[in-house]
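Participant: predicted model, plus sequence, below.
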Amino acid sequence: MNAPDVDTPLIERVKQGDVKAFEMLVVKYQRRIERLIGRMVRDVDLVPDIAQETFIRAYRAIPQFRGDSAFYTWLYRIAVNTAKKALMDLKRDPLVTESARANREEDDERSPVENELSDGETPDAVLASKQIAAAVNFAIEGLSEELRQAITLREIEGLSYEEIAELMNCPIGTVRSRIFRAREAIATRLRPLLDTREGDRW
Amino acid sequence: MSSGFEKGSAASEQLSALADGEVDAAAAGAACAAWKTDTELRRTWHAWHLIGDVLRSEDLASSAERDQRFLVALRGRLALEPVVLAPAPAAAPGRRAGGRWLLPSAVAAGFTLVVGTFVVLGPMGTPAPATTLARVTPPAVESPVVPASVREPAAPVQAVAVNGRMIRDPRLEPYLVAHKQFAGTSALGVPSTFLRAETVDTEPR
């Protein structure tokens, strides 16, 4: 391992019994894990379940996580194994999902197209995702050059504060503050799209 | 919202640095403590990571409602899990080594017990231990490791008492030897891949 894992502070908390730290990691990685599983499993309805199972397995196994690889790499492996196992169980007992699908069709008045789509892929959800992506891009365009460069080097290039400081020729404290201000500015633009109908259950 | 987490505050800048892994454990502790009660902090943490995901790949854009539902469902399941308590980092090296030989040693000890019982009780002609042994051995005996020289009729492998002496099926020898070797090397530590796979794949109940 050449650089310390960015998740180390949170993982240490989880190992001390702090489940909140694990929730923070879930919020961080849930989308990537779901996309990964979605590429392996055709039935989109199964994706959230397999993702949940992945995180539960990771939580149980985290005392054994020694940081030999990045946390995400480790989590990725668990997701792949969990998805493979789910696919094998499905092959053994395909009736489970077949009957689930039949039930859904019976008591569902939606159009056939909508029936094919899971919660994550309904036209509404697809539209919401597109709006979010557009808002982020628009907000990035509106940032000052310094802020845009700092957040891009961090999020896209994955550089550490020290490396960014070297590249931008400024103190680390400035990098930290620029990234933070960039995040705040983008999040402010995004806010109207992220306020949930269900209220604040976060 | 009772904590000091507000827009532009030092606490929220700390949170931003935590997202990048650029803080110490103490700052992580503060954020975790606030996480429980501070809706604003949770919402911000989600928004920032969503932004990072979208910057890397637009197809990671997801509605907050969906992500929220995911977390709420998972939180319900996590509540049923036993609390994680890993050994403190200072004690880690010793304990880790312990973890490596613990399982193989336990297995070896288990076999020693079976064989030991057989050796102790065998000469008395008690049928029970012999039966136990016979039940344990077939998989190993059928393996291709068995030398051709010990070929025997296809009768079930058994230990038999003849004239008051317990005679062991010779095909058991490679099996017992193999396990002796296993017990010997395990003290030095077995490859960790076995243990890791075991933990990830079979530990969940």
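Facilitator: That came in fine, so what should we check first?
Participant: can you find the helix or strand of chain A with the lowest average pLDDT?
Facilitator: helix A:112-116 (a mean of 43; mean pLDDT, DSSP states H and E).
Participant: I'd like the next helix or strand past it.
Facilitator: As assigned by DSSP states H and E, the chain's next helix or strand after helix A:112-116 is helix A:123-141.
Participant: ok, then the element right after that next one?
Facilitator: That would be, after helix A:123-141 and using DSSP H and E, helix A:145-155.
Participant: need the next SSE after that following helix, C-terminal direction.
Facilitator: helix A:161-168.
Participant: buried ones in that following helix?
Facilitator: A:161, A:164-165 (16 or more other Cβ atoms under 10 Å in any protein chain shown). (Glycine included, C-beta is placed from N, CA and C.)
Participant: do stretch A:44-59 as well
Facilitator: Quick answer for stretch A:44-59 (16+ other Cβ under 10 Å): A:44-48, A:50-59.
Participant: and whichever residue of chain B sits closest to chain A, which of the three is it?
Facilitator: Chain A sits closest to residue B:21 of chain B, with a gap of 2.8 Å, by Cβ to the nearest Cβ. Of the three states, residue B:21 takes coil under DSSP: H, G, I helix; E, B strand; the rest coil.
Participant: now the residue lying closest to it once chain neighbours are set aside. Its backbone dihedrals?
Facilitator: Once flanking residues are discounted, residue B:21 sits nearest to residue A:6: 2.8 Å by Cβ to Cβ, 6 or more residues apart in numbering or on different chains. Here is the backbone geometry of residue A:6 (degrees, to the nearest 10): phi -60, psi -20.
Participant: A strand includes residue A:69, no?
Facilitator: No: Residue A:69: not assigned to a strand; according to three-state DSSP it is coil.
Participant: number of residues surrounding it?
Facilitator: 14 (other Cβ atoms under 10 Å in any protein chain shown).
Participant: kindly report the same for the one 3 residues further on.
Facilitator: Applying other Cβ under 10 Å, we find 17 other residues in the vicinity of residue A:72.
Participant: same check, this time on residue B:77
Facilitator: Look at residue B:77: counted by other Cβ under 10 Å, it has 13 neighbours.
Participant: list the contacts of the nearest residue to it once chain neighbours are set aside.
Facilitator: Counting by Cβ to Cβ, 6+ apart, residue A:56 is the residue found nearest to residue B:77 once chain neighbours are left out, at 5.7 Å. Contact partners of residue A:56, counting by Cβ atoms under 8 Å, 6 or more residues apart in numbering or on different chains, are B:74, B:77-78, B:81, B:204.
Participant: likewise for residue A:188?
Facilitator: Contacts of residue A:188 by Cβ under 8 Å, 6+ apart are residue A:139.
Participant: now the helix or strand containing it - C-alpha only, CSV.
Facilitator: Using DSSP H and E, residue A:188 sits within helix A:172-194. What follows is helix A:172-194, C-alpha atoms only, in CSV (Å, rounded to 0.1, in the frame of the first residue of the first chain):
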residue,chain,number,x,y,z
ILE,A,172,-2.3,22.6,2.1
GLY,A,173,-4.7,24.6,4.2
THR,A,174,-5.7,26.6,1.1
VAL,A,175,-6.3,23.4,-0.8
ARG,A,176,-8.5,22.1,2.0
SER,A,177,-10.5,25.3,2.1
ARG,A,178,-10.9,25.5,-1.7
ILE,A,179,-12.2,22.0,-2.0
PHE,A,180,-14.6,22.6,0.9
ARG,A,181,-15.9,25.9,-0.7
ALA,A,182,-16.3,24.2,-4.1
ARG,A,183,-18.4,21.4,-2.5
GLU,A,184,-20.5,23.9,-0.7
ALA,A,185,-21.2,25.9,-3.9
ILE,A,186,-22.1,22.8,-5.9
ALA,A,187,-24.3,21.4,-3.1
THR,A,188,-26.2,24.7,-2.8
ARG,A,189,-27.1,24.4,-6.5
LEU,A,190,-28.0,20.8,-6.1
ARG,A,191,-30.2,21.4,-3.0
PRO,A,192,-33.6,21.9,-4.6
LEU,A,193,-33.1,18.6,-6.4
LEU,A,194,-32.1,16.7,-3.3
